[in-house]
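J.: mind folding the following:
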Amino acid sequence: MKILSIIMLLSIASVSSAKQRDWKTATVAEITSADSEKDIPRTRMVHRPGCQGGLGCMESLPTEHLTIQTSTLLIRFETPETSYIVRQIIMREGHPLNVTLNGQTKISVDGKGLHILDDEGKDVKLSIVQKISNSGR
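T.: Residues are numbered from 1 along each chain as shown. From the prediction side, this is the model:
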């Protein structure tokens, strides 16, 4: 019974300490993408011939490289005060951010990250790569 009380108290504390976000309306102004390949060297561990045992009997031999296709998306969000450019790297079977070009969304700055509410209302955090002031326009 005591453990159940502690678990309930911790769950309530985590919900109450959740940070409220300062959501701002933004326009998805631009989406660009670039495809590339990531080449990852691979090795395998084998026993050295004639070795009697122990940790020193293993050696690493190179095998075929693993090539992974990647896509890098740069997405620009504009608010009346600031434009934010975020980067999303998609590997293998990943999916791009679900936003509509020239559409409206909600964003919230969190340090070097930007929380975005996608078209399904899901909160996605991406890294900010550039901030541009719109005060000079």
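J.: which strand in this protein has the most residues?
T.: strand 24-40 (DSSP state E).
J.: and the contacts of it?
T.: The contact list for strand 24-40, computed with C-beta atoms under 8 Å, 6 or more residues apart in numbering, reads 65-79, 83-84, 91, 96, 99-108. All C-beta atoms are positioned from the backbone trio N, CA, C, and that covers glycine.
J.: let's go with 6 Å and repeat that
T.: Applying C-beta atoms under 6 Å, 6 or more residues apart in numbering, the external contacts of strand 24-40 come out as 65-79, 99, 101, 103-105, 107.
J.: sitting in strands, which of the residues you listed do you find?
T.: Per DSSP E, the subset of the contacts of strand 24-40 in strands is 66-78, 104-105, 107.
J.: out of those, which two sit at the greatest distance?
T.: Using C-beta to C-beta, the two most remote members of these are 66 and 104, lying 40.5 Å apart.
J.: quick check: PyMOL command selecting the buried ones in the ones in strands among the contacts of strand 24-40.
T.: Of the ones in strands among the contacts of strand 24-40, the buried ones go into a single PyMOL selection, burial set by 16 or more other C-beta atoms under 10 Å:
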select buried, resi 73+75+76+77+78+105+107
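J.: pick the one among the ones in strands among the contacts of strand 24-40 closest to residue 135.
T.: For the ones in strands among the contacts of strand 24-40, the minimum distance to residue 135 (C-beta to C-beta) is 12.8 Å, reached by residue 78.
J.: what's the spacing between the closest one and residue 93?
T.: 30 Å (C-beta to C-beta, to the nearest Å).
J.: with residue 122 instead?
T.: Counting by C-beta to C-beta - residue 122 and residue 93 are separated by 18 Å.
J.: same check on residue 132?
T.: Using C-beta to C-beta, residue 132 is found at 33 Å from residue 93.
J.: residue 113 now?
T.: 24 Å.
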